[in-house]
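> return atomic coordinates for the entry below.
(4 chains)
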Protein chains: 4
Amino acid sequence: MTRPMDIRHHEADLEHAYQEVDREAFDAEADRLHEECGVFGVFAHPDAAALTALGLHALQHRGQEAAGIVSFDGQRFHSERRIGLVGDNFSRREVIERLPGDNAIGHTRYSTTGGNILRNVQPLFAELETGGFAACHNGNLTNGLTLRRRLIADGAIYQATSDTEVILHLVARSRRNRFSDRFIDALSQIEGGYAFVGMTNKKLIGARDPLGIRPLVIGELDGKYILTSETVALDIIGARFVREVANGEVVIIDEKGIESIKPFPPRQKRPCIFEYVYFARPDSIVDGKNVYGLRKQIGSNLAAEAGVEADVVVPVPDSGVPAAIGYAQASGIPYELGIIRNHYVGRTFIQPTQSVRELGVRMKHSANKAVIEGKRLILVDDSIVRGTTSRKIVKMMRDAGAREVHFRIASPPIKFPDYYGIDMPDQDKLLAAKMSIEEMKDYLGVDSLAFISVDGLYRALGETGRNAALPQYTDHYFTGDYPTTITDLIGEGAKQLSLLAEAS
Amino acid sequence: MTRPMDIRHHEADLEHAYQEVDREAFDAEADRLHEECGVFGVFAHPDAAALTALGLHALQHRGQEAAGIVSFDGQRFHSERRIGLVGDNFSRREVIERLPGDNAIGHTRYSTTGGNILRNVQPLFAELETGGFAACHNGNLTNGLTLRRRLIADGAIYQATSDTEVILHLVARSRRNRFSDRFIDALSQIEGGYAFVGMTNKKLIGARDPLGIRPLVIGELDGKYILTSETVALDIIGARFVREVANGEVVIIDEKGIESIKPFPPRQKRPCIFEYVYFARPDSIVDGKNVYGLRKQIGSNLAAEAGVEADVVVPVPDSGVPAAIGYAQASGIPYELGIIRNHYVGRTFIQPTQSVRELGVRMKHSANKAVIEGKRLILVDDSIVRGTTSRKIVKMMRDAGAREVHFRIASPPIKFPDYYGIDMPDQDKLLAAKMSIEEMKDYLGVDSLAFISVDGLYRALGETGRNAALPQYTDHYFTGDYPTTITDLIGEGAKQLSLLAEAS
Amino acid sequence: MTRPMDIRHHEADLEHAYQEVDREAFDAEADRLHEECGVFGVFAHPDAAALTALGLHALQHRGQEAAGIVSFDGQRFHSERRIGLVGDNFSRREVIERLPGDNAIGHTRYSTTGGNILRNVQPLFAELETGGFAACHNGNLTNGLTLRRRLIADGAIYQATSDTEVILHLVARSRRNRFSDRFIDALSQIEGGYAFVGMTNKKLIGARDPLGIRPLVIGELDGKYILTSETVALDIIGARFVREVANGEVVIIDEKGIESIKPFPPRQKRPCIFEYVYFARPDSIVDGKNVYGLRKQIGSNLAAEAGVEADVVVPVPDSGVPAAIGYAQASGIPYELGIIRNHYVGRTFIQPTQSVRELGVRMKHSANKAVIEGKRLILVDDSIVRGTTSRKIVKMMRDAGAREVHFRIASPPIKFPDYYGIDMPDQDKLLAAKMSIEEMKDYLGVDSLAFISVDGLYRALGETGRNAALPQYTDHYFTGDYPTTITDLIGEGAKQLSLLAEAS
Amino acid sequence: MTRPMDIRHHEADLEHAYQEVDREAFDAEADRLHEECGVFGVFAHPDAAALTALGLHALQHRGQEAAGIVSFDGQRFHSERRIGLVGDNFSRREVIERLPGDNAIGHTRYSTTGGNILRNVQPLFAELETGGFAACHNGNLTNGLTLRRRLIADGAIYQATSDTEVILHLVARSRRNRFSDRFIDALSQIEGGYAFVGMTNKKLIGARDPLGIRPLVIGELDGKYILTSETVALDIIGARFVREVANGEVVIIDEKGIESIKPFPPRQKRPCIFEYVYFARPDSIVDGKNVYGLRKQIGSNLAAEAGVEADVVVPVPDSGVPAAIGYAQASGIPYELGIIRNHYVGRTFIQPTQSVRELGVRMKHSANKAVIEGKRLILVDDSIVRGTTSRKIVKMMRDAGAREVHFRIASPPIKFPDYYGIDMPDQDKLLAAKMSIEEMKDYLGVDSLAFISVDGLYRALGETGRNAALPQYTDHYFTGDYPTTITDLIGEGAKQLSLLAEAS
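Reported below is the predicted structural model:
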């Protein structure tokens, strides 16, 4: 049997990265969902690499572990890939000067599949018979492992472990002649959720999966086209939003403009609802909707669905802020900063000794006691994942003298794993997969606990409710209703996927 | 003539630091005030160094450039000093293990006087005839340069350039026998604003300047005493707040408890009002007052003093948030997140090319257009320093479609330099020192501009107004009314002080 | 047309490396030949990785730019690859502990083809259908570029740029079933000079090119087999020399012992004569001959061929030492250290200012004036490449007062490029390719100049002379007589090879 | 009681240094003597810093742990100090450009007193009432600790732990007016062996201890004066040797030329004989004598004193080479390279696992078996310190098949500790302090063992023998005859000195 990941690379740059990321020790990060990536590409602009760096900086919330940019100067491709933040690695002039050319693509990532090492940082590059090809994507292939096995059996060699490399191999091996035909040939073999950005020596290419699970938008600056994950990456460079790439659409940008190809049978789109609830920046416009406004509306709906008498509405910063504002406005209960967030904590503060480890959550959050003491609180957060951080925050509120704590959650209970690019704990770590609402209430130590209903969430997004026959959004983490077959799970898959996940 | 700073050290660790701090390029940081330091000390606790690291982490907002901890294990002193954040340098177990012992003091700094090099990172250490002595402080001596010259003339050798070293020399040269007498002897020679924490092989020592300009509090954990700048450093480790160190008080902590000495003639205290408005963390309790509540009250008073019809109250994050909440609650105008802050920017994002430099402020802030477009805004910030960032933010609001922008500032106009430990631009860079309110309004491009009045600020702090005869707070930056003589400014001083400041 | 190297990677670790290697500035290194690599592999020994590190350290003279080790622990492969010296990167226990297992292979390299970046550091690894496969080699394929083009046309994706990756692809794509058949299938397609060491999850594999151009020996320690480039790598770990791998032989080592396969038609061996003259460490035994003894014999023959009256024999350290000792013993003229070498120079001393750059050679060598002044010198070196260093050394001798300088070279004039793994300047930089002996004498500024004759060299190696019909050694750099066709040079090859060489 | 070293600094740069220096593990380095320092200074030359870097590079054999340069540009002093080699830290243009000015002094060090941290790297700098003063020295004060205690009692604060700081304090506290009077005032209080180089904003100053124990020479380049430890630092920059600084002489160099002051009663000079035997580079001229020639002469005398029938003379490289050449020439027995040294080992190769640790000496030296097998060897080394390395080398010779090993040592037995700047193991670690010649012979496993006699050594230096009444050289390590009182040893001294030495 083929073992997909029987090598462990410990490259020089990795060592440092490892020291910093001790997730067990730094509980607060482990108790979050993580988006896999943000992508960006620009064609024919003289500041291509600098714009890409700025765009990736605006997408930093989608992945903080590593970033890369590849540029093309008309003759050669140039690549810079680094572990760490965009702002720490792509801010100096000399780095941008090593990325000459008018075309560039870039990627910022949180590692889900593929260990956190330089080899895996995107964009990846391949020299094809038709010329160079740089590529990156946000998302996850649900038949990536199956394809990987098939390609290895056929003599392909993998250096990295990301799905992007699978796509490179499929393009390289296609028997079609034109690059765009090869690319579509490759797309026709993959399944899952993805927003893809690639670049040859002549074109910038984008593609979004048939259901539009992962986001991808088109922008324009000085008459030049841009592809990126969220509108905030357009805003930072002063670019104009043109439109979303449609679900199942391939866009090919070159000197002549944008060519749109829809190679697959038309389907209703079904974007990941977590982009709205959780991942997108509040100032992003997703599918025509302002994310901050949506989250306020969720908070407002939550107040209607699960109102309670209280003295103050307190957000869990920063993720719970918009919903808390919405809740406060709808309920008339004052919005107050009962929890102060320490923004200097980064990801690196590991409690240095066992005896002070219990202080845990205080590294990042502290109670603003004067606001809390003797009060009945409505605590608002965007979600509950493992529940460990929530429980500590509730305890912190109690320690600060809260008289009552009513916990309101701006998403439905998360019960099912994701296979489309969201980094989530194993299902048996998800609190809502293990406990009833009542049990969670006791575990968290709150006086009451309520989640927004699935229909309430859909209403906040402008629907009249969830259409069970043909749901408008991808929402399996709440409902278990997966939008595609998960090919890699069939047969020995489940075990293999986790083997892949633990690879370093 | 003695030239105080005729050496430039470029030590190895410095190079890196230089790359990161290009203030001209990173306008947003240059347009802020900066506190010099935070201090922390703990006596007789088995987790002394770990508690100090946590305490310094909670004080990180008081200085992000460097940090140091010295511990004493009963036999030897151990020192770790680093350029960078507490969380990045003092988070690993092996670092804490190199700081054994039950007593420790620590310091986090923003460099005002003394270049940003490892030699200058505190705590400093001196071997005295009576044994070792480690020391650090927050503040600035207004006769530091005068003393430095006098000591050099008397054969003293300086290695670093901070005021702390002046104090070490004074203690070392005192002809008194007991350490506490030597220390008081030294204090009697210095002038200015300071909160001092020191440690010998037997005692932990704290001292606050005669007017109590800089803050210092006493805490207790497991029956052991702690000295630190703000109560948040107690909260993070679960320690109890005992009391403030009084203005002019020296506290000496040893196995027998706390000894309080008041060596100087009693004076009315006069703490720096900027601690309330600007420096202290919102959840700190300063002089019995919750800082978040005070700032909300300032916002509330501002609404009363300078109300205006509008659609939304928008804070400049994060500094303007509490005052904006206060303003919104008092005025009944909805509080909305019209500006989103990118928390990943750190201090390191230098715009990589000239052509994208104009994007400036967007690295850190972005407009939440959906909230702003077509609206009349009340924009609330805590202060205006140079005004360059404010101007860009206003322009960003206009670009996002704001119909009107009314700018409200939660502090009076800043017109005069500080000599007590606040890092401020030169007076000719302070917007309010150069322009009238009307001129500032035009410069910033707002429809109206108002600052809280000095009396309005005092009222928010619980006074009936400013007592001009004997002001309750240090407020010279607004009023020009300095609480002490600035000895170093007499004679050749002014020029010398700036010479010192440019030293690296 | 496919462009083989149209991407430039600037990975994080590379930057540092670049700073260090400014060859134009550091003339002495540029005026040397460089061996491409040293290889090492050990099977079934509990200290596999540690032994490999020690072996590579003993082979450090064969390549100082980077090193890597891959181990196999029965389940997984583990890889460590670093830019820099073995002793600086593989000396710490924690590094060795990250390389668990009883099987390991390692590689130390000087970069010829393939830029000096981490991706190119060997061993490389591929996941084949039959399991993992790690591989490295010393040498160069003379049809590597041709194969690379063919494989790309067939959909192969390259991540690195070394010939080793070509071999991996050939093995991966072979349609044979057994691994050894696949490997021989791959070997049958490659041409050039190589000593190959690879490892699967079951076997250690070695192979030497059909002419045995590059060296490979078998050793044994505690009953376990070792493959490596030179016997010195056996000596350092106390291993016993078993035999050389024969030219054209494949050896497969597993639990059952060594299997020897000779898949190609038998040919007379023809090892690279530069291994004896130049590359191998003096204490190595190559083809049964002690290298130090051979070099002394060359010096002795040189004294016979080109004797001259003089006062002292002075070696150019360290490369000229054995020949100088041989010359001195044969001629009876005293051997003296007239040149002192500074061993601290490393590769990193770049003359810091233009005005002191002329001092050049003195960074590494200095004249021992007391030995030289007023004397007639016989200066002995192993070779002349560009001649720039030789010229400076001669001038240094003159400046130190040498009355006469007679230069004797222990190899014939180097006139022709190498394609089998030796890093050499372009032909138009080779002094002997451009000048007659007389012209060189004048250029170097010596009183007389003589090189060992080709036959004299062969006699030192125990032959009666060179067999022109069927030469016993590869010696094209002296004679222009290449042992194989250089496939990559046919057609567009010559240009392509240099394109490859300048890639970074 | 004052404890001189009750702080342990672990600064950022140190960590790295610690990893590299594990002396117990790297036996070969621990079994060497180490010189404390090399010094260099140049006045009024436009390339001052670059010349200083080159000079320090030539003095690298005198100390490899750290180096520093201070320059003066007419207005300000500039300092660069680094852990590591000169070539690794002072080779880049940007470093030299940070050291502008026509005057510079520099220092390379091996740490004896004062831990290996950046604070202790020289030159040190002090701001005196008369202006800036940078200073460094080679040597050791035998009353340094006594002075340190006295100065601390008088209120002086120490930041570093080197003797140079003691001198700075004495100069700073002198009540004389002119700088040169202050400096002589300071010198009159110190005892020991030292070669001092300092620089004010007007002058370059040199001083050598009253007996001339440590070396200091004057050179000239382009009409500008240079002070440095050895003539090799003049040779590398093409400077002319002018003369030695006399014992007890102070030289003051300024625009007007050299002023020579001899402030102390004249005494016969008594330089450290180990400079000739051990420390100076072979091409140095010390006291008019070529060091290589002296060492050859010692070898020659050794052949006369302790001749033996044998087949080959084999040097222990590199230290034993000149004496071995002398021995071979005198005896007529062929000189052969029986031991090959691996120059890549640096100081950093720590045997990675216990099981391969016994390989020990082979990291640095390997037996050239072909030369040794079946032979009777005369093995020549410059000294025996602990004997551990010698023993391993002898065993290596036996393992390689030597029939007889006769060990000849080019210095007398080392039996007594040094207090003048040589880093030596404790006396109980010195092999010759513990064993008779016969016992050493057995311990080392040789067939015969002989050391040069003290008189034989003096004869090699041109004397008729040692003048016991008034010895011509400092030679206490052989004879126990110390040239000065060791003030720090009186009373509690001995213990304190070692306490100081182990401090880090």
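> please count neighbours and contacts with C-alpha atoms only from this point.
Will do.
> any chance you could map the strands in the stretch 251-400 of chain A?
Assigned by DSSP state E, counting those that start in this stretch, the stretch 251-400 of chain A shows strands spanning A:257-261, A:285-286, A:289-290, A:312-315, A:339-341, A:365-367, A:376-381.
> how about the ones you listed, which one is nearest chain C?
Checking the strands of the stretch 251-400 of chain A against chain C by CA to the nearest CA gives strand A:257-261 as the closest, at 24.3 Å.
> counting by contacts, list what that closest one packs against.
Counting contacts by 3 or more CA pairs under 8 Å, 6 or more residues apart in numbering or on different chains; DSSP states H and E, strand A:257-261 is packed against strand A:250-254.
> and the angle for the strand it packs on with strand A:257-261?
Counting by axes from the mean of the first three to the mean of the last three CA atoms, to 10 degrees, strand A:250-254 lies at 160 degrees to strand A:257-261.
> who does strand A:250-254 touch, helix- and strand-wise?
Contacts defined by 3+ CA pairs under 8 Å, 6+ apart place strand A:250-254 against strand A:204-208, strand A:257-261.
> got a list of contacts for that strand?
Under the criterion CA atoms under 8 Å, 6 or more residues apart in numbering or on different chains, residues A:43, A:202-208, A:225, A:245, A:258-263 lie in contact with strand A:250-254.
> between these, which is closest to chain C?
Nearest to chain C out of these is A:K202 (CA to the nearest CA; 13.6 Å).
> what about that closest one, which SS state?
coil (DSSP: H, G, I helix; E, B strand; the rest coil).
> which residue packs closest to it, ignoring adjacent ones?
Closest residue in space to A:K202, ignoring its immediate chain neighbours: A:D254 at 6.6 Å, by CA to CA, 6 or more residues apart in numbering or on different chains.
> any idea which helix or strand comes after the longest strand along chain A?
Counting residues, the longest strand in chain A under DSSP state E turns out to be strand A:131-141. Counting by DSSP states H and E, the next helix or strand C-terminal to strand A:131-141 is helix A:144-153.
> how far does the next helix or strand after that following helix sit from the chain's center?
Sequence order places helix A:163-173 as the next helix or strand after helix A:144-153, per DSSP H and E. Offset of helix A:163-173 from its chain centre (CA atoms, centre = their mean, to the nearest Å): 22 Å.
> OK, contacts around A:L227?
A:39-42, A:197, A:206, A:216-219.
> in what helix or strand does the closest residue to A:I437 other than its chain neighbours lie?
Leaving aside its sequence neighbours, A:I437 sits nearest to A:L449 (CA to CA, 6+ apart; 7.2 Å). Remark: A:L449 resides in strand A:448-451, with elements defined by DSSP H and E.
> that strand: partners in the sheet, and parallel or antiparallel?
strand A:404-409 (parallel) (DSSP bridges).
> hmm, back to that, pairing partners for the residue nearest to A:I437 in the sheet, please.
Beta-bridge partners, per DSSP bridges, of A:L449: A:F407.
> my guess is it contacts A:E404, does it?
No. Judged on CA atoms under 8 Å, A:L449 makes no contact with A:E404 at a distance of 11.6 Å.
> that older thread, residues in contact with the longest strand of chain A?
So strand A:131-141 is in contact with A:36-39, A:70, A:77, A:105-107, A:122-127, A:163-164, A:168, A:190-201, A:214, A:419-422, C:2-3, C:6-7, going by CA under 8 Å, 6+ apart.
> now with 6 Å?
By CA atoms under 6 Å, 6 or more residues apart in numbering or on different chains, the residues outside strand A:131-141 that reach it are A:37, A:122-126, A:191-200, A:420-421.
> same check on stretch A:412-431?
The contact list for stretch A:412-431 (CA under 6 Å, 6+ apart) reads A:33-36, A:112, A:139-140, A:192-193, A:385-387, A:432-433, A:451-454, A:477-478, A:480.
> tell me how many other residues crowd A:A153.
17 (other CA atoms under 10 Å in any protein chain shown).
> which residue packs closest to it, ignoring adjacent ones?
Distances taken as CA to CA, 6+ apart put C:E129 closest to A:A153, at 5.0 Å, once the chain neighbours are dropped.
> how close does A:F72 sit to C:I273?
As for A:F72, its distance to C:I273 is 44 Å (criterion: CA to CA, to the nearest Å).
> ok, now A:E305?
87 Å.
> do A:K224 as well
Using CA to CA, we find A:K224 at a distance of 60 Å from C:I273.
> more neighbours, these two?
Per other CA under 10 Å, whichever of A:K224 and C:I273 has more neighbours is C:I273, with 21 against 17.
> so for that one, what's the pLDDT?
Predicted confidence (pLDDT) for C:I273: 96.
> also the one 4 residues further on?
What the model reports for C:V277 is a pLDDT of 90.
> got it, and the one 3 residues further on?
At C:A280, the predicted lDDT confidence score is 94.
> separation between the closest residue to A:S319 other than its chain neighbours and C:P265?
Computed as CA to CA, 6+ apart, the closest residue to A:S319 that is not its neighbour in sequence is A:D382, at 5.9 Å. According to CA to CA, A:D382 stands 72 Å off from C:P265.
> of those two, which one has the most company?
More crowded of A:D382 and C:P265, by other CA under 10 Å: A:D382, with 27 against 7.
> contacts only, for the more buried one.
Per CA under 6 Å, 6+ apart, neighbours of A:D382: A:319-320, A:409-410.
> tell me how many other residues surround the residue in the stretch 51-200 of chain A positioned nearest to chain D.
Nearest to chain D in the stretch 51-200 of chain A, going by CA to the nearest CA, is A:E94, at a distance of 15.8 Å. Other residues lying near A:E94 total 11 when counted by other CA under 10 Å.
> am I right that it sits in a strand?
No. Under three-state DSSP, A:E94 sits outside any strand and is assigned helix.
> got a pLDDT number for A:D488?
So A:D488 comes in at 88 (pLDDT).
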